[in-house]
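Visitor: return a 3D structure for these sequence lines:
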Amino acid sequence: MLTSRSPDAVALFFGLMKAGGCPCFLEPGLDTKALCGRMAAVGLRRLVLEGEAETLAGDFEGGVVTVHCLASMLSRETDSGGDGESLTADDLAMMQFTSGSTGQPRGVLLTHGNLCSNADGIIARTSLGPRERLLHVMPLHHTNGVNNQLVAPLIAGASIVLVEAFRATDIEGQIAEYGATYMTGVPTMYSRVLPHLHDRAKRRSLKFLRCGSAPITVSLHRQIEAAFGVPLIVSYGVSEATCTSTMNPPTDRRIGSVGTVLRGQEIRLFRPATGEEVAEGCEGEIAIGGPSVMRGYVGDVGDQPVRDGWLRSGDLGRVDRDGYLIITGRLKDVIIRAGENLPPHVIEAVLEQHPAVRACCVVGVPHVDLGEVPVAFIQARPEERVSVDELKALVGAELSRIYIPSDIRFVEAWPETSIGKVDRRALKAVLGVA
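Guide: This next block holds a predicted model:
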């Protein structure tokens, strides 16, 4: 489905599920070549277009893909195709693509049981019910936009305000107009909204905010809570486990963590090299178990990440004595310099301490002698000044010589995925790294 953010598109999505289909929202903005490649990779044969996307219909004439325009579908009276009563928890419900921030997007197959299990954990943790109203601003092709912001609130009986598009300048007015009680976004969205908050009275209906899908700094977390005047509930999850696996309890959140495991799910940490489970407080690869774990990938995608019932996320973290999970990095992002593991987030945290640094991203690039070395991209605050040597000295003083970036580049912005994650692959491409 390549559609706008319309109620008709959402109704079609759930209608296809009810009829026994396995729908998938596609990312808007893909050109025909990329769209065909993605569809061919996972075997999609029917494409529903809506709005501006209908202009692509002619590009598929004579091909293997059957194209439908949503407007013409709605103008016809047809049989519903199924009442949903024969569906079971093990039947496929939908497919979604991973974000692709560290690799090519993969098609994830989710069952009705996956969706219901994930929603149950979210509803129990946030006490969602008929009195809640979500301001929906996330893309529909992303797991957060579907499972967190369509499936869970609808099962809970909550209402959803599906705005046309995310615009930072509109958020405060939309909260006031629709009486939204909560919204969910990624850190980038919130940071863009902050300068446009002017009237606390317009936000009086808000009870809490949710944040996930990308790391958030402690500093930004506190800024968001101070500006909005409500708690920010940070969570963690991956597309392959439907959406959300851990979340901070709203009344007992710990800033800097992604909370405790949701009802019905399990979290374990394993040493990547040996597969052994790590002790409390030690870093390991996050593995997720339980009924929210996907059926599997579709298409030729190489190794499957589910082993012995545990989904290996590729994310690194540690769990404290109270069960709160702290994300410490991404396995694929770790820079191996002369045999030493350098997690980018450690270097980023030090650089972001400097008052002139608004944000930074560190990536690894090949080095003929050391294997890999870190390179830092810096977004500086316009009113501040800082030199490359000053930042390198800061890293050396706070960490050690081996953590000092081999190069530091100042940029006004960096490439992002469609949901606002830093696109590390694109940053590496800037440096000539494939």
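Visitor: can you list the domain ranges for the chain.
Guide: If you go by automatic domain parsing, the domain ranges for the chain are 7-74, 93-331, 334-430.
Visitor: just give me the longest helix of the chain.
Guide: Longest helix in the chain by number of residues (criterion: DSSP state H): helix 112-126.
Visitor: need the CA coordinates for that one. PDB is fine.
Guide: C-alpha atoms of helix 112-126 as PDB (Å, rounded to 0.1, in the frame of the first residue of the first chain):
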ATOM      1  CA  HIS A 112      -2.200 -11.700  14.500                       C
ATOM      2  CA  GLY A 113      -0.800 -13.100  17.700                       C
ATOM      3  CA  ASN A 114       2.300 -10.900  17.400                       C
ATOM      4  CA  LEU A 115       0.200  -7.800  17.100                       C
ATOM      5  CA  CYS A 116      -2.100  -8.600  20.000                       C
ATOM      6  CA  SER A 117       0.700  -9.600  22.300                       C
ATOM      7  CA  ASN A 118       2.600  -6.400  21.700                       C
ATOM      8  CA  ALA A 119      -0.600  -4.300  22.100                       C
ATOM      9  CA  ASP A 120      -1.400  -6.100  25.400                       C
ATOM     10  CA  GLY A 121       2.000  -5.100  26.800                       C
ATOM     11  CA  ILE A 122       1.700  -1.500  25.700                       C
ATOM     12  CA  ILE A 123      -1.900  -1.100  27.000                       C
ATOM     13  CA  ALA A 124      -1.000  -2.600  30.400                       C
ATOM     14  CA  ARG A 125       2.000  -0.400  30.800                       C
ATOM     15  CA  THR A 126       0.400   2.900  29.800                       C
END
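Visitor: before we move on, back to that, looking at the domains of the chain, which one is packed in the most?
Guide: Mean neighbours per residue, mean count of other CB atoms under 10 Å, is largest over those for domain 93-331, with a mean of 19. In this view, the C-beta of every residue, glycine as well, is placed from N, C-alpha and C.
Visitor: residue contacts, the residue most central in space within the chain?
Guide: Residue closest to the average C-alpha location in the chain (CA atoms, centre = their mean): S213, at 2.8 Å. Contacts for S213 (CB atoms under 8 Å, 6 or more residues apart in numbering) come out as 99, 142, 144, 186, 419-421.
Visitor: looking at this, it is in a strand?
Guide: No - S213 is assigned coil when assessed by DSSP: H, G, I helix; E, B strand; the rest coil, not a strand.
Visitor: for G329, see how far away it is.
Guide: 16 Å (CB to CB, to the nearest Å).
Visitor: cool, and E177?
Guide: 40 Å.
Visitor: can you check G314 too?
Guide: Here the distance between G314 and G329 works out to 10 Å (CB to CB).
Visitor: kindly report the same for L74.
Guide: 47 Å.
Visitor: now do R271
Guide: With CB to CB as the criterion, R271 and G329 are 14 Å apart.
Visitor: please apply the same query to L109.
Guide: Counting by CB to CB, the gap from L109 to G329 is 28 Å.
Visitor: one more: I419?
Guide: 20 Å.
Visitor: ok, T181 touching G129?
Guide: No - counting by CB atoms under 8 Å, T181 does not reach G129; the two are 10.2 Å apart.
Visitor: helices and strands around the helix or strand where I224 lies, which ones?
Guide: If you go by DSSP states H and E, I224 is part of helix 218-228. Helix 218-228 is packed against helix 187-193, strand 208-211, strand 232-236, with contacts defined by 3 or more CB pairs under 8 Å, 6 or more residues apart in numbering; DSSP states H and E.
Visitor: for G323, find the nearest of the ones you listed.
Guide: The closest of the helices and strands packed on helix 218-228 to G323 is strand 232-236. By CB to CB, the value is 13.1 Å.
Visitor: listing partners with orientation, what would you give for the closest one?
Guide: Paired strands of strand 232-236, with direction, are strand 208-211 (parallel), strand 246-247 (antiparallel) (DSSP bridges).
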